[in-house]
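Colleague: turn this into a structure:
(chains A and B)
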2 protein chains.
Amino acid sequence: MRPWEANIRRVAPYVPGEQPKGEKLIKLNTNENPYPPAPGVREAMERMDCDWFRKYPDPAATVLIKALSKAYEADEERIFVGVGSDDVIAVAFMTFFNSHKPILFPDVSYSFYKVWADLFKIPYETPALDMEFRIKKEDYYRENGGIIFPNPNAPTGLLMPLSEAEDIIAHNQESVVIVDEAYIDFGGESAIRLTEKYENLLVVQTFSKSRSMAGMRIGCAFGHPELIRRLNDVKYSYNSYTMNIPSLVLGAKALEDERYFMDTLKKIRCTRETAKGWLKELGFTFPDSMANFIFASHRERRAEEIYMALREQNIFVRYFKQPRIDNYLRITIGTDEEMEKLYRFLKEYL
Amino acid sequence: MRPWEANIRRVAPYVPGEQPKGEKLIKLNTNENPYPPAPGVREAMERMDCDWFRKYPDPAATVLIKALSKAYEADEERIFVGVGSDDVIAVAFMTFFNSHKPILFPDVSYSFYKVWADLFKIPYETPALDMEFRIKKEDYYRENGGIIFPNPNAPTGLLMPLSEAEDIIAHNQESVVIVDEAYIDFGGESAIRLTEKYENLLVVQTFSKSRSMAGMRIGCAFGHPELIRRLNDVKYSYNSYTMNIPSLVLGAKALEDERYFMDTLKKIRCTRETAKGWLKELGFTFPDSMANFIFASHRERRAEEIYMALREQNIFVRYFKQPRIDNYLRITIGTDEEMEKLYRFLKEYL
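Modeller: Here you go, the predicted structure:
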């Protein structure tokens, strides 16, 4: 080992889903939205002036915070934004989880939680989901340094009723509880209103899924002004200007067209329900997803084998080679046409 | 104190320069470039398709890395990119400065270094600049957990000859040395070539100053592939996709027009030298800046007083209320017209 290597932080990074390129491929592997962002985004982009780029962006991200405040009927001082919900959650881990007690999150969940805990040297425990992949809320009724869980959970897609999420929060008023709502718009009720009741609750959302803006990297969090102020202290200690000008200007626009938003969500939910029927017919079992993906296992054929066969057809789904879930595929809901092509191929293949 | 507050990371954040808004103001406070980005950026923006945004960006930032590789004649595996050089340096602190020995940086320097060290709980010492604000290289010839210094230094603008920078690097092959070259293009010789000789050297640059892209938040680092690999491990443990699609596409374009780049740099250097003459005439003293700003103190009038008087005229410069430098103004080099307005006002005022 070279001497300077002694001081290096050693980590095992998160591996994001592939971003394969090409015209003809069907990309159902990273839970992107099959529909473009709200029409106002295009118009705002056409009005953007390159000369703006020579100046720093507003470090307080005011235009985006104001748009979120309006869209979610929340005070501006209750909102934080970052470079995707990954950045928001990373900052939240750094800010709130400085305890010697372990933080808690489900064993089968967003696999980045473990990576952040390792990066920041935060101890953690991972209560196991039950046999139907449900979070057992009682597992979270014990001493901890913080709690995070997604609702709906990923990669299962299962939604926990808001009342049960509230039970977990109510039992944990001595540490910060983060509800990661990346997929909430596809069929759940948000916990945002609960942040007015529980000052230790942070609710995280993203523009990457329901807002069709994965490529712009925008995430946000809602919580008590004291939580938001602490997040900003850490953010301003890391990078003054995290949001560039296009993400501020276009992000604000992406929130404006409520009807377009509702219409695309409805289309995706419709396609999801049709896809559930097809997958059942083909011999798959799956938890009843309320997200924009289905986490499915076939009764006879190995998930990895199906994954590889789909890949050869230029159909990309996500496969996790991890304990408990290594016989499942996470299939993002695409357009009706894309899902039909998937169905037709699988019908023939299986 | 509420119980959940016990686990909060307490930090004193960096305070960025103001981003005042308005048509008529003269903004010389955050070292932005007075000229727009390369013309190719505008064309690339016009060709950008909103539908791209629904998909995640390339996490490896390939298009931008390739453009940097070409522009700087460096292998792709020797290049790292981030959300401004602030993000790049923050990740580098987290990656390389994990020692119980103190890291070293100058007492008068980029004030974010201290903030990052505090955020990541890294011990540090700050050798004092000499009376002429020069870095004394011998101060860095001792045991340490890492070294960082800007060249030219900020806020002084003083350039250290590359041979002296190399002396510091050569004396410190047991820890990682970071040279922060945010302002190198305005008159210095880069240490990038030295990264081929010293595998523990990381050279950081930014698109915010010489490339006129502060609003896009793009920074980069050059170093041995092993350093870059380690930076990427930490980056992928924090946020898979830090660079959004516009920053990748437009950042790559900003590197293409070498002639435009050279022309704007020349204009800024010319304006700087004229401004030096004016400031001298008005009774200011200042180190001989090789950056896009001048760090000036008046023989008779207090810096803070001049700062306030300029503000009232809608002329914004930077004033740091910090030991040793609280009688200095950092004045960014704007256009000839802007500098002339500054000169005319100061002439009358002083």
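Colleague: give me the nearest residue to A:N33, chain neighbours excluded.
Modeller: A:S212 (3.9 Å; Cβ to Cβ, 6 or more residues apart in numbering or on different chains). In short, each C-beta sits where N, CA and C put it, glycine included.
Colleague: quick check on the closest residue in space to A:E5 that isn't next to it in sequence: phi, psi?
Modeller: Among residues not flanking A:E5 along the chain, B:E226 sits closest, at 7.7 Å (Cβ to Cβ, 6+ apart). Dihedral pair for B:E226: phi -70, psi -40, per degrees, to the nearest 10.
Colleague: B:N200 is in contact with B:E226, correct?
Modeller: No: assessed by Cβ atoms under 8 Å, B:E226 is found out of contact with B:N200, at 9.4 Å.
Colleague: higher neighbour count, those two?
Modeller: B:N200 (24 against 15; other Cβ atoms under 10 Å in any protein chain shown).
Colleague: contacts only, for the more buried one.
Modeller: A:2, A:4, B:169, B:172-177, B:224, B:227 (Cβ atoms under 8 Å, 6 or more residues apart in numbering or on different chains).
Colleague: list only those of those flagged as buried.
Modeller: A:4, B:169, B:172, B:174-177, B:224, B:227 (16 or more other Cβ atoms under 10 Å in any protein chain shown).
Colleague: quick one: contacts for the closest residue to chain B within the stretch 251-350 of chain A?
Modeller: Going by Cβ to the nearest Cβ, chain B is nearest to A:A254 of the stretch 251-350 of chain A, at 8.6 Å. Contact analysis of A:A254 by Cβ under 8 Å, 6+ apart lists A:37-38, A:40-41, A:207, A:211-213, A:216, A:218.
Colleague: now flag whichever of those residues is closest to A:A128.
Modeller: A:F207 (31.7 Å; Cβ to Cβ).
Colleague: wait, the closest one touches A:M243, no?
Modeller: No: counting by Cβ under 8 Å, A:M243 is not a contact partner of A:F207; they are 11.2 Å apart.
Colleague: give me the common contacts of the two.
Modeller: A:218, A:251.
Colleague: domains in chain A, by residue range?
Modeller: Domain assignment for chain A, taken from automatic domain parsing, gives A:3-37+A:258-349, A:39-254.
Colleague: let me have these in CSV, adding mean pLDDT as columns.
Modeller: Listed next are the domains of chain A as CSV, based on pLDDT from 0 to 100:
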stretch, mean pLDDT
domain A:3-37+A:258-349, 95
domain A:39-254, 97
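Colleague: what strand or helix carries the closest residue to A:T285 other than its chain neighbours?
Modeller: Excluding the flanking residues, the one nearest A:T285 by Cβ to Cβ, 6+ apart is A:S297, at 5.6 Å. Assigned by DSSP states H and E, A:S297 falls within strand A:293-298.
Colleague: give me the contact list for that strand.
Modeller: Around strand A:293-298, the neighbours that count as contacts under Cβ under 8 Å, 6+ apart are A:28, A:31, A:133, A:154-157, A:183, A:272, A:275-276, A:279, A:282-287, A:289, A:303, A:306, A:325, A:327-333, A:350.
Colleague: let's see it at 6 Å
Modeller: When contacts are defined by Cβ atoms under 6 Å, 6 or more residues apart in numbering or on different chains, strand A:293-298 is touched by residues A:31, A:155-157, A:279, A:283-286, A:327-332.
Colleague: swap in stretch A:337-348?
Modeller: Contacts of stretch A:337-348 (Cβ under 6 Å, 6+ apart): A:26, A:271, A:275, A:278, A:282, A:313, A:315.
Colleague: now for the contacts of A:A254: which two are most distant?
Modeller: Farthest pair in the contacts of A:A254, by Cβ to Cβ: A:G40 and A:I218, 14.9 Å.
Colleague: who's more crowded, the two?
Modeller: More crowded of A:G40 and A:I218, by other Cβ under 10 Å: A:I218, with 32 against 17.
Colleague: the top helix by length along chain A vs strand A:293-298, what angle?
Modeller: For chain A, the longest helix by residue count, based on DSSP state H, is helix A:258-281. Put simply, helix A:258-281 runs at 0 degrees to strand A:293-298, going by axes from the mean of the first three to the mean of the last three Cα atoms, to 10 degrees.
Colleague: next, the buried residues of helix A:258-281.
Modeller: A:260-261, A:264-265, A:267-269, A:271-272, A:275-276, A:278-279.
Colleague: mind picking the one among these that's closest to B:V11?
Modeller: For the buried residues of helix A:258-281, the nearest to B:V11 is A:F261 (36.4 Å; Cβ to Cβ).
Colleague: and the residue lying closest to that closest one once chain neighbours are set aside, what does it touch?
Modeller: Nearest non-adjacent residue to A:F261, counting by Cβ to Cβ, 6+ apart: A:A38, 6.7 Å away. By Cβ under 6 Å, 6+ apart, the residues touching A:A38 are A:254, A:257, A:260.
Colleague: for the closest residue in space to the second one that isn't next to it in sequence, grab phi and psi.
Modeller: Nearest in space to A:D257, with sequence neighbours left out and distances taken as Cβ to Cβ, 6+ apart, is A:A38 at 4.1 Å. For A:A38, the backbone dihedrals are phi -50, psi 140 (criterion: degrees, to the nearest 10).
Colleague: what do you get for A:T332?
Modeller: According to degrees, to the nearest 10, A:T332 has phi -70, psi 150.
Colleague: where along the stretch 151-300 of chain A do the strands fall?
Modeller: Secondary structure of the stretch 151-300 of chain A, counting by DSSP state E, counting those that start in this stretch: strands at A:177-180, A:201-206, A:219-223, A:284-285, A:293-298.
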